[in-house]
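K.L.:
got a predicted structure here, sequence first:
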Amino acid sequence: MNIVVLVKQVPDSGAERNLRSDDNTVDRGSANNVINEMDEYAIEEALRIKEAHGAEVTILTMGPDRAAESIRKALSMGPDKAVHVLDDALHGSCAVTTSKVLAAALATLNADLVICGAESTDGRVQVMPHMLAERLGIAALTGARKLTVDGSTLTVERQTEEGYEVVSAATPAIVSVWDTINEPRYPSFKGIMAAKKKPVQTLSLADLGVAPTEVGFDGATSAVLEHTKRPPRSGGQKITDEGEGGVKLVEFLASEKFV
Amino acid sequence: MAEVLVVVEATREFGVKKVTLELLTLAREIGTPSAVVLGGAGAADALGEKLGEYGAQKIYAAEGDDIDGYLVAPKATVLAELVKRVQPAAVLLASSQEGKEIATRLAVKLDNGILTDVVGLAPDGTATQVAFAGSTIVKSTVTRGLPLVTLRPNSVQPAPAPATPSVERLDVQLGDADKLARVVDRVAEQKGTRPELTEASIVVSGGRGVGNADNFKLVEELADLLGGAVGASRAAVDSGFYPHQFQVGQTGKTVSPQLYVALGISGAIQHRAGMQTSKTIVAVNKDAEAPIFELADFGVVGDLFKVVPQAADEVRKRK
Ligand SMILES: Cc1cc2nc3c(=O)[nH]c(=O)nc-3n(C[C@H](O)[C@H](O)[C@H](O)COP(=O)(O)OP(=O)(O)OC[C@H]3O[C@@H](n4cnc5c(N)ncnc54)[C@H](O)[C@@H]3O)c2cc1C
Ligand SMILES: Nc1ncnc2c1ncn2[C@@H]1O[C@H](COP(=O)(O)O)[C@@H](O)[C@H]1O
């Protein structure tokens, strides 16, 4: 089986993140950049399928130069190779155009199974899997908390607001995973050393046959007009419980008409 | 005035979801609201009255197993045909998993921009979004095509505006590409009577400080007394105290209730990401330095096992 895992590099969600003041894009220069957390679960799931059924696992990333660090980190977990879509014209691309580029890259990779995270923490938009499925004409099984592979049949269990659903499709398909699906492994020392030698192919827009005007700010289908930092919430009243804390809490709730 | 399409979300138990009523209310400021019901047989008849009460002038209905038996692709196909035909002023959906999935497919089908997790939308199409754990406010707009927007629940106060909608049945022409992901089973889990987490006006959440699964009864008891939903921090979920679907935060649900009560939660940035836009925040934590107090309108430094039962008793007394 040929598995492609989508990995995005994002600014660390544990640190302060900003939009740039000059062009309103995510500030990736000053932030500490990491693999989008959910994507580590996608990598782990691919490796488990490889271990159980045999497969080749390829990482696919679209992102600037520095995304190469995340690609090496991803490879150190165990995938076989990677493809990095890298082109200066991509800066400023919206989700719709990003999906166009990733779909073009996927078309060259002939994947039976594409696995990605359920959402990215910098945009947290949950849009990519269905956009890619729509473009490639393949099934999308999204939000998986469990994935079973039986020959060419994929079955996914996914959480819904009322309970859960079991959804099934034949390959080729794209599956997005939540962080409930597995526990990602840590790269071993051996894995880190091996990753340095694994092939990483760089593809430009020209390689993919996508015109620069179709992407970046020119091709964007939406625009950020302005952004402001939200004034930090200021703490209000703080009391120390001296035996009356519960009553005082309810007095506050009553004063705000919640009780 | 041009039509504004509102894609309806409903649950079997409670009918039309509150976020749909918010969308109808919002749609009235932009144009004439039409509700689009995409679901199993009989869905539109069951929901029509409520949709009319909140101003739907028209209901488009596409129903049946073909719509309901596959993951979202058929719904997006039907909606795309409708959009091409009626040329609405905007298409509004809920920022739920399904709402986003339909909207993203629509965006690709129509080569149209999309704005998700929107908390406000002006009649000129300028949307307000909050980014990065609620720390940044963004104004944005669709620059190609019509405003295609998914709204975060609890962003608009729903207001009734009674209308008597006409119902138009949509002819559904689906292709093989719409039927690739088949729903084999839908399992409803016992939910009891608590409101849905993202729509609740009051949320009471417990964290690692609650200690174990059994103690979560304390959290549930206070939630029930206040008529709220129960939430949990990731640490509480990872420790097995409470199921994952109730996790609040960056990798869980985003909630924006009138009142958020945090019990034994430290207030990590990833937790704040999911609750920072709550109107009023109350916290109980035994550590006076816990970051949750930086956002709490009212904080009690103390042991939750003493404070919460006392608070529950006090609420009971006042009832
Ligand atoms: C990529 C990523 C995504 C994440 N996503 C989420 C997410 O979606 N949601 C989320 O919540 N977290 C998320 N986290 C985890 C987050 O960083 C914190 O680890 C988590 O929120 C901590 O949960 P907690 O506050 O319950 O636990 P802790 O940080 O351990 O805090 C427990 C608190 O309880 C207090 N306490 C203990 N006993 C008592 C008592 N008897 N009475 C009163 N107070 C008491 C303690 O003083 C402490 O402040 C994410 C982390 C990462 C890296
Ligand atoms: N630029 C990108 N490169 C590679 N994968 C991506 C990119 N953007 C999004 N993805 C994948 O799509 C998933 C969902 O992202 P999103 O739709 O942005 O929330 C992520 O978890 C990634 O697996």
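P.N.:
Happy to help now that I have it. Ligands and ions are numbered 1, 2, ... in the order given.
K.L.:
residue A:175: which element?
P.N.:
strand A:173-177 (DSSP states H and E).
K.L.:
can you confirm whether that strand lies near chain B?
P.N.:
Yes. On the criterion C-beta under 8 Å from any C-beta of the partner chain, strand A:173-177 is in touch with chain B at residue A:173. Where C-beta positions appear, they are placed from N, C-alpha and C, glycine not excepted.
K.L.:
adjacent strands (with direction) for that strand?
P.N.:
Sheet pairing of strand A:173-177 (DSSP bridges) gives strand A:113-117 (parallel), strand A:139-150 (parallel).
K.L.:
just put the ones you listed in JSON lines and tack on mean neighbour count.
P.N.:
Shown next, in JSON lines, are those (neighbours: other C-beta atoms under 10 Å in any protein chain shown):
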{"stretch": "strand A:113-117", "mean neighbour count": "28"}
{"stretch": "strand A:139-150", "mean neighbour count": "22"}
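K.L.:
for the chain, which segments count as helices?
P.N.:
Went with chain A since none was named. If DSSP state H is used as the criterion, the helices of chain A fall at A:37-53, A:67-76, A:95-109, A:128-136, A:189-195, A:205-208, A:216-219, A:245-255.
K.L.:
wrong one, chain B
P.N.:
With DSSP H as the criterion, chain B has helices spanning B:18-27, B:43-53, B:65-68, B:73-86, B:97-110, B:216-226, B:234-238, B:269-272, B:304-318.
K.L.:
which one, of the ones you listed, ends up nearest to residue B:257?
P.N.:
helix B:216-226 (10.5 Å; C-beta to C-beta).
K.L.:
contacts for the closest one, please.
P.N.:
A:253, A:258-259, B:194, B:202-206, B:210, B:228-230, B:232, B:236, B:241-242, B:259, B:261, B:263, B:304-305, B:308-309, B:311-312, B:315-316, B:319 (C-beta atoms under 8 Å, 6 or more residues apart in numbering or on different chains).
K.L.:
hang on, the earlier thing: what angle do the strand holding residue A:175 and helix A:95-109 make?
P.N.:
120 degrees (axes from the mean of the first three to the mean of the last three C-alpha atoms, to 10 degrees).
K.L.:
and the angle from strand A:173-177 to helix A:37-53?
P.N.:
For strand A:173-177 against helix A:37-53, the angle by the same axes, to 10 degrees is 120 degrees.
K.L.:
restricting to C-alpha, output strand A:173-177 in PDB.
P.N.:
Presented in PDB, the C-alpha positions along strand A:173-177 are these (Å, rounded to 0.1, in the frame of the first residue of the first chain):
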ATOM      1  CA  ALA A 173      -9.300   7.700   0.100                       C
ATOM      2  CA  ILE A 174      -8.200  10.400   2.500                       C
ATOM      3  CA  VAL A 175      -8.600   9.900   6.200                       C
ATOM      4  CA  SER A 176      -8.200  12.600   8.800                       C
ATOM      5  CA  VAL A 177      -7.400  11.700  12.400                       C
END
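K.L.:
what distance separates the start and the end of stretch B:150-169?
P.N.:
Start-to-end span of stretch B:150-169 (C-alpha to C-alpha, to the nearest Å) is 24 Å.
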